[in-house]
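K.L.:
Coordinates only, no sequence provided:
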Ligand SMILES: Nc1ncnc2c1ncn2[C@@H]1O[C@H](COP(=O)(O)OP(=O)(O)OP(=O)(O)O)[C@@H](O)[C@H]1O
């Protein structure tokens, strides 16, 4: 059984249908990149998987459980599926360690001692074991994003959704964040990532989904999607990336 099963998912905002019947199964341990032009529906798809947006039609199953729009189900879902955003959303008045502890204590009711031990382990895992007491404004953007990754990992999710997590970073800080993601992938974490980092998608991902106008337009292993694009839309998109 797939860890994430997306079937005929439709989503509209007002009159505009943004997702027009998405089918996508993500297996345990699989790393899936989602690429496509601005406005093609990539973020909306991730947000639907995490229950941040409600779907209008179709179904999403995570670990065999149907995504249902009520508070209890959504809370359970968000424990299974972590999400990391372009903006790091750390609390500025809390240290890195406290930021990582907080969600465990609030959402999971983890006792402080246990949450601290987990925070130290997860900060270590993203290479920031020495920054437990540092405040966000004492950290670079790349370090802040790694704290956000540690925070998501501390909830022990079954899968992580990454929405353009390097887009707000200065170019020289992108690689340190991607290196962490690469390690997570090597450790077997299931990942769905919306990304503009084509080289990374090619190197690290098992499958690449090209979205176009709310549909999965092409899907396949990176060597196929990047090496042998079948549709003019994907060829044009990849061409524009090369020029950019
Ligand atoms: N909350 C919302 N209300 C109304 N329209 C929305 C909302 N969220 C997204 N949209 C619209 O849905 C479409 C798809 O947006 P989405 O953010 O999913 O695209 P994307 O492929 O992730 O683009 P980008 O690469 O620019 O982030 C866009 O036209 C956007 O304006």
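P.N.:
Looks like it came in fine. Everything numeric here is computed off the predicted structure, so don't read it as measured data. Numbers count the residues shown, from 1 in each chain.
K.L.:
What count of nearby residues applies to residue 156?
P.N.:
The local packing of residue 156 (other CB atoms under 10 Å) involves 13 other residues. (Glycine included, C-beta is placed from N, CA and C.)
K.L.:
cool, and the one 10 residues further on?
P.N.:
The local packing count at residue 166 equals 24, with neighbours defined by other CB under 10 Å.
K.L.:
Which residues does the worst-scoring helix or strand of the chain on mean pLDDT contact?
P.N.:
Least confident helix or strand, the chain: helix 71-80 with a mean of 78, by mean pLDDT, DSSP states H and E. For helix 71-80, contacts defined as CB atoms under 8 Å, 6 or more residues apart in numbering pick out 50, 51, 62, 63, 65, 67, 107, 108, 155, 157, 158, 159.
K.L.:
List the residues that contact the second one.
P.N.:
In this case it means residue 51. Per CB under 8 Å, 6+ apart, neighbours of residue 51: 67, 69, 73, 74, 77, 78.
K.L.:
how many neighbours does the third one have?
P.N.:
Which is residue 73. The local packing of residue 73 (other CB under 10 Å) involves 14 other residues.
K.L.:
any idea how far residue 126 is from the residue with the largest distance to the centre of the chain?
P.N.:
Distance from the C-alpha centroid of the chain peaks at residue 113, with 28.2 Å (CA atoms, centre = their mean). Look at residue 113 and residue 126: by CB to CB, to the nearest Å, they are 21 Å apart.
K.L.:
So which residues on the protein come close to the ligand?
P.N.:
By CB under 6 Å from any ligand atom, the part of the chain that sits against the ligand consists of 13, 18, 36, 38, 39, 40, 41, 42, 43, 44.
K.L.:
And these, which of them are buried?
P.N.:
Among these, those classed as buried by 16 or more other CB atoms under 10 Å are 18, 36, 40, 41, 42, 43, 44.
K.L.:
Would you tell me what the next helix or strand after the least confident helix or strand of the chain is?
P.N.:
Under the assignment DSSP states H and E, the closest C-terminal helix or strand after helix 71-80 is strand 81-84.
K.L.:
Neighbouring strands - and their directions - for that next one?
P.N.:
Strand 81-84 pairs in its sheet with strand 159-163 (parallel), by DSSP bridges.
K.L.:
Count the residues that sit near residue 129.
P.N.:
14.
K.L.:
Now that it has come up, it's in contact with residue 120, right?
P.N.:
Yes - using CB atoms under 8 Å, residue 129 makes contact with residue 120 at a distance of 6.7 Å.
K.L.:
Residue 4 against residue 49, yeah?
P.N.:
Yes - with contact defined as CB under 8 Å, residue 4 counts as touching residue 49 (6.3 Å).
K.L.:
which residues do those two both contact?
P.N.:
Counting by CB under 8 Å, 6+ apart, the residues touching both residue 4 and residue 49 are 60, 62, 81, 192.
K.L.:
between the residues you listed, which is closest to the ligand?
P.N.:
Ranked by distance to the ligand (CB to the nearest ligand atom), those are led by residue 192 at 12.5 Å.
K.L.:
rewinding a little: PyMOL command for the buried members of the contacts of helix 71-80?
P.N.:
Buried residues within these, by 16+ other CB under 10 Å, are selected in PyMOL with:
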select buried, resi 50+51+62+63+67+155+157+159
